[in-house]
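1. test case, fold it:
(chains A and B)
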Amino acid sequence: MGINRRDFLKGFGGLCAVAGMSASSGLLTGRTAEASHGEPSSSSDKSTVRWGMVIDTRLMGEEDIKKCAEACHKAHNVPDYSKVPQLGHGEVPEGGNVKDEIKWIWAASFHSSFPSTATREFIAEEVEKNKVALLCNHCQNPPCVRVCPTKATFKNEQGITMMDMHRCIGCRFCMAGCPYGARSFNWRDPRKDKDTLWGGGPITPDFPTRERGVVEKCLFCYERIEKAGAPASGQELLPEQVPLCVKAAPENAIVFGNLKDPNSGIREVLAKNHTIVRKPEAGTNPSVFYII
Amino acid sequence: MNFTSKGLPLTVVIVFVFVMLAPVWMNLSGAPVKKPVPEIADSIKGKECVRSASWMRANHMQLLDDWRNEVVRESDRDDVYKDKHTDKSLTRTCLKCHENKTNFCDRCHTYASVKPFCWTCHVVPKEKK
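-> From the prediction side, this is the model:
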């Protein structure tokens, strides 16, 4: 064998350099692919539909929001644990069982809804007192989708941030990622609690329940909207197609429509009124707008 | 106890063989287990399923898996097969004809010890006898 130590090391070093270069270039291409992944996906940009919502807080009080929540939670089998003893404590805490709470739409104070806006001085008393209806913002750039390791939560073609419950492994990354607290974790098996009232009523057989260990949230009533298919420009949803909260709210308090259609009713409302979104500094581009 | 004597290991061997072969004895003595047949209600006899019955017997799990992905992820609810349109739904389509889950799904699944987790979330429609 005519190879000495010096020649071997030379050849081996060369091989390592080649391997290292190809590996690092692979990494680089991998990284650029990842960077573009974080942007609002181009596939959803091609779609002609992005569902959105304008909530007029002037037309909605706490009671109205409760009605919306009731309609939503009943239809989607969202368990009501407010009067069920807290897990691991054996009693109902004062002010209801909040720790195990599951919520899709709920009422919150102006300050907790718009923390950055509400730090301003001299806010109208009426605004500060009134409650705001909160739900999943169905962001155009959703952090929950970016962090989900199984793609259980994803943006669908119509701009809805969907949940594929079959894939959710309950890691709760999405809950950490969501800046709006719109996601709830099923700490308990909703089927096993004998006292479970689905949104305060009997079970809705047409909508699945969830099981212990998955995360859930508002899905913009996709099961109602999808009946409309892809709407033509200027075409509004029928009353049986709009989300249930829109239906339960006072007239015009919640306007629902296609944000990508310049002729839609929601775009008209957005053009005529000054609206704000929750935590714009998070850069998520919410599809839920508020008139204060 | 003297483990070096020849008698004791022999009893151990006999007991071991007996225990290991117990399932075989028990199967020999009992009546053979019947292969389960899922119940097809009289009302749907002769009707065609979304695919042929033999295909469904072998591939229904794959079909259901495809259906759930297409419905949830692609909002595609419409199944088209031989110009026949079907709503891709476990509870509204499958269980509408096969209305008794216990006698249709569970019979084979229990026999084959298959535990699909459909019904931890999906609500079983009321069973008709």
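2. roughly how far does the residue in the stretch 51-200 of chain A positioned nearest to chain B sit from residue A:218?
-> Relative to chain B, the nearest point of the stretch 51-200 of chain A is residue A:164 (4.8 Å; C-beta to the nearest C-beta). In this view, the C-beta of every residue, glycine as well, is placed from N, C-alpha and C. Counting by C-beta to C-beta, to the nearest Å, the gap from residue A:164 to residue A:218 is 15 Å.
3. these two: which is more packed in?
-> A side-by-side neighbour count of residue A:164 and residue A:218, using other C-beta atoms under 10 Å in any protein chain shown, places residue A:218 first with 26 against 18.
4. isn't that one right up against residue A:106?
-> No. Judged on C-beta atoms under 8 Å, residue A:218 makes no contact with residue A:106 at a distance of 9.8 Å.
5. what is in contact with these two at once?
-> Residues touching both residue A:218 and residue A:106 (C-beta atoms under 8 Å, 6 or more residues apart in numbering or on different chains): residue A:135.
6. doesn't residue B:69 belong to a helix?
-> Yes. Membership of residue B:69 in a helix is supported by DSSP: H, G, I helix; E, B strand; the rest coil.
7. contacts only, for it.
-> Contacts for residue B:69 (C-beta under 8 Å, 6+ apart) come out as residue A:164.
8. ok, now residue A:238?
-> Residue A:238 sits next to residue A:228 when contact means C-beta under 8 Å, 6+ apart.
9. I'd like the average pLDDT over stretch A:234-253.
-> For stretch A:234-253, mean pLDDT is 94.
10. list the buried residues for it?
-> A:236, A:237, A:241, A:242, A:243, A:244, A:245, A:246, A:247, A:248, A:249, A:253 (16 or more other C-beta atoms under 10 Å in any protein chain shown).
11. distance of the nearest residue to residue A:129 once chain neighbours are set aside from residue A:95?
-> Setting aside the residues directly before and after it, residue A:129 is nearest to residue A:110 in space (C-beta to C-beta, 6 or more residues apart in numbering or on different chains), at 8.0 Å. Going from residue A:110 to residue A:95 by C-beta to C-beta gives 20 Å.
12. thinking again about what came up before, okay, the buried residues of stretch A:234-253 in CSV with secondary structure and distance to residue B:74 next?
-> Below are those laid out as CSV (DSSP: H, G, I helix; E, B strand; the rest coil; distance: C-beta to C-beta, whole Å):
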residue, secondary structure, distance to residue B:74
A:236, coil, 25
A:237, coil, 21
A:241, coil, 19
A:242, coil, 22
A:243, coil, 21
A:244, helix, 24
A:245, helix, 25
A:246, helix, 25
A:247, helix, 26
A:248, helix, 29
A:249, coil, 30
A:253, coil, 33
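13. export these to CSV and tack on distance to chain B?
-> Output for the buried residues of stretch A:234-253, formatted as CSV (distance: C-beta to the nearest C-beta, whole Å):
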residue, distance to chain B
A:236, 19
A:237, 15
A:241, 14
A:242, 17
A:243, 15
A:244, 18
A:245, 20
A:246, 19
A:247, 21
A:248, 23
A:249, 25
A:253, 28
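14. partners of the closest residue to residue B:51 other than its chain neighbours in the sheet?
-> Distances taken as C-beta to C-beta, 6+ apart place residue B:81 nearest to residue B:51, at 6.3 Å, with adjacent residues excluded. In this entry, residue B:81 is beta-bridged to residue B:84, by DSSP bridges.
15. right, and residue B:81 touches residue B:49 too?
-> No. Counting by C-beta under 8 Å, residue B:81 sits too far from residue B:49 to count as a contact (9.8 Å).
16. those two - which one has more neighbours?
-> Neighbour tally, residue B:81 and residue B:49, criterion other C-beta under 10 Å: the higher count belongs to residue B:49, 18 against 12.
17. how about that one, what does it touch?
-> Residues near residue B:49 by C-beta under 8 Å, 6+ apart: B:56, B:97.
18. okay, and it sits in which element?
-> Under the criterion of DSSP states H and E, residue B:49 resides outside all helices and strands.
19. could you report the pLDDT at residue A:289?
-> Reported pLDDT for residue A:289: 98.
20. phi, psi of it?
-> Dihedral angles of residue A:289 (phi, psi; degrees, to the nearest 10) stand at phi -110, psi 150.
21. ok, it touching residue A:53?
-> Yes. The pair residue A:289 / residue A:53 is scored as a contact, 7.0 Å apart, by C-beta under 8 Å.
22. so, low pLDDT: which residues of the chain?
-> No chain specified, so I'll use chain A. A:1-2, A:13-45, A:194-195 (pLDDT under 70).
23. that's the wrong chain, I wanted chain B
-> Looking at chain B by pLDDT under 70, you get B:1-8, B:128-129.
24. tell me the contacts of residue A:245?
-> By C-beta under 8 Å, 6+ apart, the residues touching residue A:245 are A:68, A:69, A:71, A:72, A:105, A:133, A:135, A:221, A:254.
25. residue contacts, the residue nearest the centre of chain B?
-> The residue lying closest to the centre of chain B (C-alpha atoms, centre = their mean) is residue B:109, at 1.9 Å. Contacts for residue B:109 (C-beta under 8 Å, 6+ apart) come out as B:115, B:116.
26. list of residues touching stretch A:105-124?
-> Contacts for stretch A:105-124 (C-beta under 8 Å, 6+ apart): A:62, A:65-66, A:68-69, A:72-73, A:127-135, A:218, A:245, A:276, A:278-281, A:290, A:292.
27. what's the end-to-end length of stretch B:72-91?
-> 15 Å (C-alpha to C-alpha, to the nearest Å).
28. buried stuff in it?
-> Residues of stretch B:72-91 classed as buried: B:72, B:73, B:75, B:77, B:79, B:86, B:88, B:89, B:90, B:91 (neighbour count, 16+ other C-beta under 10 Å).
29. so the first one touches residue A:154, yeah?
-> Okay, so that is residue B:72. No. Look at residue B:72 against residue A:154 with C-beta under 8 Å: they stay out of range, at 9.3 Å.
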